[in-house]
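# Sequence and computational prediction follow.
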Amino acid sequence: RNVIEYAADSENTIEKDVTAYDFPACQIYCYGPLLHTVQMANIFRDSKTFVDMKLKKAPEKTIEEFDAFMESKNNTPSDDDVLQFVNDHFDEKGTELEVWTPTDWKENPSFLDNVHDPDLKQWGADLNAIWKDLGRKMKEDVSKNPDYYSIIPVPNPVIIPGGRFIEFYYWDSYWIIRGLLLSEMQDTARGMIENFLSIVQRIGFIPNGGRVYYWGRSQPPLLTAMVKAYVDFTKDDLFAINALDVLEHEFEYFINNHTVQAKGHNLVAYRDSSTGPRPESYREDVESAKIFDTEEAKEAYYSELKSAAESGMDFSSRWFINSDGTNTGNLTQTKTRSIVPVELNAILYWNAKMIAEFHSKADNVDKVQEYEAKAHKILEAIQAVLWNEDVGAWLDYDLINNKPRNSFVPTNLAPLWVKAYNISDSQKISTAVLKYIEENDLDTFPGGVPNTLIQTGEQWDYPNVWPPMQYILVEGLDNLGTPEAKNLSARWGQRWVKSNFEAYRETRSMFEKYDAEKFGGHGGGGEYDVQKGFGWTNGVIIEWLAKYGRELSISGNTDGAAPSKSLISLLGVATVALIATVAGRYI
Ligand SMILES: OC[C@H]1O[C@H](O[C@H]2O[C@H](CO)[C@@H](O)[C@H](O)[C@H]2O)[C@H](O)[C@@H](O)[C@@H]1O
């Protein structure tokens, strides 16, 4: 089934870290006058459309004809001229892919047996069926003529997020793969993981998504966790052992290319190694960069934006540092490279632990010690720089002002998810974290915990709620293991399932993001319309239908959110409790 073999047991096959020049298609899709001219002509409502179109002729020939075209138009073509050039030289977007029905798809995967409420069971079956809509396979021509496409060839079919996202996305795939495993689609899940392994072997790391124009940035590195999920489900330890070379390479890539120093410790921050605006949002970046006077300042700004994209949270006040050292402001104050992010460090700790675990399966004693030692060092740094005893949570660290950033983001609790803390401190951490949650009113939102408490219009800010973040919070609290933390975890998990169900009942759609303020409301804002499909959303719901399905019922479907502190002080505790009870809001 492989077009490109994933050489699991070959000698070290990883040759290099990529540069844009390794992709001939990059001269069209990643940088240069042709990209600039087309994207600035504003032909397409969504800038991503152009960079997903197939070339009709080889890149070099297209560039030659573009140069001639520009000369014939005195270097000032009208938008209609540019449209004509695009029509003459490119095919529609998405022609490289065909819809693919996963060959291992099953009508009644056993997770459905765990779901007792008939409406939820039907919904689970509907979600399982959506995998067939999201399956994509590359046409044969892609591996024969890769230079004609922006897509990165991979050997096996994939499940895509959906909507405008018609290729794989790195971190999305973690929740997709977990959902696939629960849907008993092990071959599809393994195929996707093998794609990622083959990409690390060819390119040296995994780009943000499956397009050459993402070449300068990755996303939160969850490949090792995908392998762990696969092995936990299948008990196929050999798969993990065979992947170790590649997993180590990805780990070292992140450490070597992302390390920063804070308070005498080595930690990691997001970064990008390309130049210029994001190709898929080129015009948007050029427009917002206009406030910068010099090319150097614009370039630095583009780097900050692409680094934010590497985090997966593009864009958010989480990455703003204004002149006062706070996070009020706008996109142009994005300073991602100067912020040490809690979850990236926690994930790398987790990766080191999992690599050590896989080595222990192969009795590689020295390697176990090596990776345990690496994990220990990261844990020490997380503890010393990011854990904040006073606040009761881990906080991102601002390298410009040398101080913690005391503002809520779900990732402030990411160490709970990956157990990046001393387990013996669980009770103390539980007390601190639950106080932090109460002080930030996080249990009061009917549509889930928002990504920040600041409304900027950016898509990773209030009131948007994102499935991977709900997952990190809910699984983190569950891991913490105290009765209070587990109780809150179950309440949030079940509220999320019910709210997603309400949205589905009303619209028959699954969304990439939702609305904290409205039970059953979907998200918005940012630079593109809210997308439907949706890979990670479905993955998280399938997992939680399996987890809570026996106890969950949607009769009288309500959110179960606690009243906010401001509402309590306005009306008095007794009145609010009465209203809430009458409205059936407590579960
Ligand atoms: O085109 C704008 C941005 O789109 C992607 O980001 C969003 O969708 C991804 C796929 O679901 C998701 O992984 C990411 O977290 C979202 O913010 C893309 O990843 C960005 O690089 C791109 O600039």
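Done, it's in.
# Could you use CA atoms for every contact and neighbour count after this?
OK.
# This protein against the ligand: which residues are in contact?
The chain comes close to the ligand at residues 161, 169, 172, 208, 280-281, 309, 312-314, as judged by CA under 6 Å from any ligand atom.
# wait, doesn't Gly325 sit right on Asn401?
Yes: taking CA atoms under 8 Å as the contact criterion, Gly325 and Asn401 are neighbours in contact, 6.4 Å apart.
# Which strand or helix spans Gln369?
Gln369 is part of helix 365-381 when elements are defined by DSSP states H and E.
# From the contact counts, what lies against the helix or strand following that helix?
Toward the C-terminal end, the helix or strand that comes next after helix 365-381 (DSSP H and E) is strand 387-388. If contacts are counted by 3 or more CA pairs under 8 Å, 6 or more residues apart in numbering; DSSP states H and E, strand 387-388 sits against strand 393-394.
# Can you tell me the strand partners of the strand it packs on and which way each runs?
Using DSSP bridges, the strands paired with strand 393-394 in its sheet are strand 387-388 (antiparallel).
# for this protein, which spans come out with low pLDDT?
Scanning the chain for pLDDT under 70 picks out the ranges 1-17, 21, 564-587.
# In it, which residue sits nearest the ligand?
Of the chain, the residue with the smallest distance to the ligand, taken as CA to the nearest ligand atom, is Gly312 at 3.6 Å.
# residues touching the residue nearest to Gly535 when sequence neighbours are not counted, list them.
Take Gly535 and drop its neighbours on the chain: the residue closest to it by CA to CA, 6 or more residues apart in numbering is Pro161, 4.1 Å away. Contacts for Pro161 (CA atoms under 8 Å, 6 or more residues apart in numbering) come out as 134, 167-169, 172, 533-536.
# at 7 Å what do you get?
With contacts defined as CA atoms under 7 Å, 6 or more residues apart in numbering, the neighbours of Pro161 are 533-536.
# Also Ile321?
Contacts here follow CA under 7 Å, 6+ apart; on that basis Ile321 touches 327, 333-335.
# quick one on the thing from earlier: and for the helix holding Gln369, what's in contact with it?
Residues external to helix 365-381 that are found in contact with it (CA under 7 Å, 6+ apart): 265-267, 349, 352-353, 355-356, 359-360, 420-421.
# If we use 10 Å, what do you get?
With CA atoms under 10 Å, 6 or more residues apart in numbering as the test, helix 365-381 has contacts from 248, 261-268, 345-346, 348-362, 382-387, 415, 419-422.
# Of those, just the buried ones, ChimeraX syntax please.
Of those, the buried ones can be selected in ChimeraX as follows, counting by 16 or more other CA atoms under 10 Å:
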select :248,262,265,266,267,268,345,346,348,349,350,351,352,353,354,355,356,357,358,359,360,362,382,383,385,386,387,415,419,420,421
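# Out of the contacts of helix 365-381, which sit inside strands?
Using DSSP state E, the members of the contacts of helix 365-381 that fall within strands are 261-262, 265-268, 387.
# those strands in this protein, which residues are they?
Listed in chain order, the strands of the chain (DSSP E) span 53-55, 90-93, 97-99, 135-138, 158-159, 259-262, 265-268, 339-340, 387-388, 393-394, 397-398, 403-404, 464-465, 514-515.
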